[in-house]
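Novice: Build me a structure from this.
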Amino acid sequence: MKKIIFFGIALIILAGIFYYSGNKDLKINYESFNIVAPGVLRTPDERFNNIVDYPFKPNYLTIGDTRIHYLDEGPKDGKVIYLLHGEPAWSYLFRKMIPTLIEGGYRVIAPDMVGFGKSDKYLSIEDYSHQMHVDKMTQLIIELDLQDVTAHLHDWGGLVGFRVIAEEPDRFTRIIASNTSLIAPGRGFINDLMTYLSYPLFKLGIWLQGPATWEEFIGGGSFTGWIRYSRYTDNIDVGGVMQTLGNVSNDERAGYEAPYPNATYKAGAQIFPYLIPSELRKNERAYRDVLEKWQKPFLIANSDNDPVTGNNPRMVEMLKRIPSAQQVTIQGPGHFIQEEAGPEYAQLIIDFINGKPKGFTVDQRVISKEDIL
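Specialist: Sure, this is the predicted structure:
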């Protein structure tokens, strides 16, 4: 009996210690965070004070439970060019393109998606979904009442942006897509069935393979390695991704890392790759309802050294379901054309608007060891 009593007292003491420690850790973990609503973080402004080559005025729009940041540069009466970033970038990606575009007389709108840049960030990966991003970006287009828009979509900007266009097609005049796609299975009974089965099977496959280390991600050449790394890591290396795929210097790396004071702010960047096949049925519906009927100009402008589209040619084939598709190739740059050929790429967009798009060649950017050490 004494042993039972002793054991019970010990359990109570241990439970008390566990409860106290848990609450103590919670306080330590969260008291320094800039929590602006339940489950929502906001990066402090001072994080952006010293980043290079980003002199643009911030603009904000509250949509639902999050404040969305966007750039609005150039003449207000200019034709709109809408620039939508991907993973793990933000509107900082377009800083080398914007001067050329506004010199051409265009109005540039470049938002940061939820979880990125100066926009608010959810604490939990469970709050992020493909549909959430589509809803937020669609509402931004509506509230700004953008018309006659040329959409430039890159990386995850395509997965979100094509769906936004499918929601509001009359607002868009033309589309240019670089190193991106809208993933969908296509027509047919088996493909329709796969819209239900693909994502559960995909998640099972990732779970069975388990986490991937950073070294496995950068050395394996496997797309699932990227997803396994980002999904399971405790602190996704945003700057490392940009230096690996974007050839950016340390100063530029700091610009991409600025939105994230610590790992807790990175839930959006962490979960993005895992969501790629999450809404195949909705993507397929976007093709059938809108994109397969699109007769306005559409340009695919991929770089020849992009490991994403280069290793997945079906991504390009999917976009050719759009009947007005044209294609040019940009020789030299890797995945982030905007970093390696910003002004030239901006001129390509202008040429596309004027009906005369053509590919170009630039030397692949080489960063010295001094710039990345």
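Novice: any idea where the strands of the stretch 51-200 of the chain begin and end?
Specialist: 59-63, 66-73, 80-84, 107-111, 121-122, 149-154, 172-178 (DSSP state E, counting those that start in this stretch).
Novice: for the stretch 251-373 of the chain, same thing?
Specialist: 298-303, 325-330.
Novice: Export the last one to PDB, keeping only CA atoms.
Specialist: Translated: strand 325-330. Output in PDB follows, covering the C-alpha atoms of strand 325-330 (Å, rounded to 0.1, in the frame of the first residue of the first chain):
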ATOM      1  CA  ALA A 325       0.300  28.800 -76.000                       C
ATOM      2  CA  GLN A 326       3.500  30.000 -77.400                       C
ATOM      3  CA  GLN A 327       6.900  29.000 -76.100                       C
ATOM      4  CA  VAL A 328      10.400  30.700 -76.000                       C
ATOM      5  CA  THR A 329      13.500  29.600 -74.200                       C
ATOM      6  CA  ILE A 330      15.800  31.700 -72.100                       C
END
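Novice: Name the residues that touch that strand?
Specialist: Contacts of strand 325-330 with the rest of the structure, by C-beta atoms under 8 Å, 6 or more residues apart in numbering, involve 178, 297-304, 316, 319, 337, 341, 345, 348, 357-362. For glycine as for every other residue, the C-beta is placed from the backbone atoms N, C-alpha and C.
Novice: Name the strands paired with that strand and say parallel or antiparallel.
Specialist: Taking DSSP bridges as the criterion, strand 325-330 sits next to strand 298-303 (parallel) in its sheet.
Novice: doesn't residue 204 fall inside a helix?
Specialist: Yes: assessed by DSSP: H, G, I helix; E, B strand; the rest coil, residue 204 belongs to a helix.
Novice: Let me see the confidence value for it.
Specialist: Predicted confidence (pLDDT) for residue 204: 92.
Novice: where's it relative to residue 281, distance?
Specialist: Separation of residue 204 from residue 281 (C-beta to C-beta, to the nearest Å): 18 Å.
Novice: Neighbour count: these two, which is higher?
Specialist: Each of residue 204 and residue 281 has its neighbours counted (other C-beta atoms under 10 Å); residue 281 has more, 16 against 10.
Novice: where are the low-confidence patches of the chain?
Specialist: Along the chain, segments meeting pLDDT under 70 span 1-32, 220-222, 365-373.
Novice: okay, now the domains of it?
Specialist: Split into domains by automatic domain parsing, the chain comes to 2-31, 37-189+275-372.
Novice: Which stretches in the stretch 101-250 of the chain count as helices?
Specialist: Secondary structure of the stretch 101-250 of the chain (DSSP state H, counting those that start in this stretch): helices located at 130-143, 156-167, 189-209, 214-220, 223-232, 238-246, 250-257.
Novice: Quickly compare the ones you listed and say which is most buried.
Specialist: helix 156-167 (a mean of 25; mean count of other C-beta atoms under 10 Å).
Novice: helices or strands next to that helix in the packing?
Specialist: When contacts are defined as 3 or more C-beta pairs under 8 Å, 6 or more residues apart in numbering; DSSP states H and E, helix 156-167 sits against strand 80-84, helix 130-143, strand 149-154, strand 172-178, helix 280-289.
Novice: Would you reformat the ones you listed as JSON lines and include distance to residue 274?
Specialist: Listed next are the helices and strands packed on helix 156-167 as JSON lines, based on distance: least, C-beta to C-beta, whole Å:
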{"stretch": "strand 80-84", "distance to residue 274": "20"}
{"stretch": "helix 130-143", "distance to residue 274": "11"}
{"stretch": "strand 149-154", "distance to residue 274": "19"}
{"stretch": "strand 172-178", "distance to residue 274": "22"}
{"stretch": "helix 280-289", "distance to residue 274": "14"}
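Novice: Ok, which of the ones you listed comes nearest residue 190?
Specialist: Proximity to residue 190 (C-beta to C-beta) singles out helix 280-289 among the helices and strands packed on helix 156-167, at 12.7 Å.
Novice: quick one, the closest one and helix 130-143 angle?
Specialist: Between helix 280-289 and helix 130-143, the angle comes out at 40 degrees (axes from the mean of the first three to the mean of the last three C-alpha atoms, to 10 degrees).
Novice: List the buried residues in helix 280-289.
Specialist: Residues of helix 280-289 classed as buried under the neighbour-count rule (16 or more other C-beta atoms under 10 Å) are 280-287.
Novice: deepest of the strands of the stretch 251-373 of the chain, which one?
Specialist: strand 298-303 (a mean of 23).
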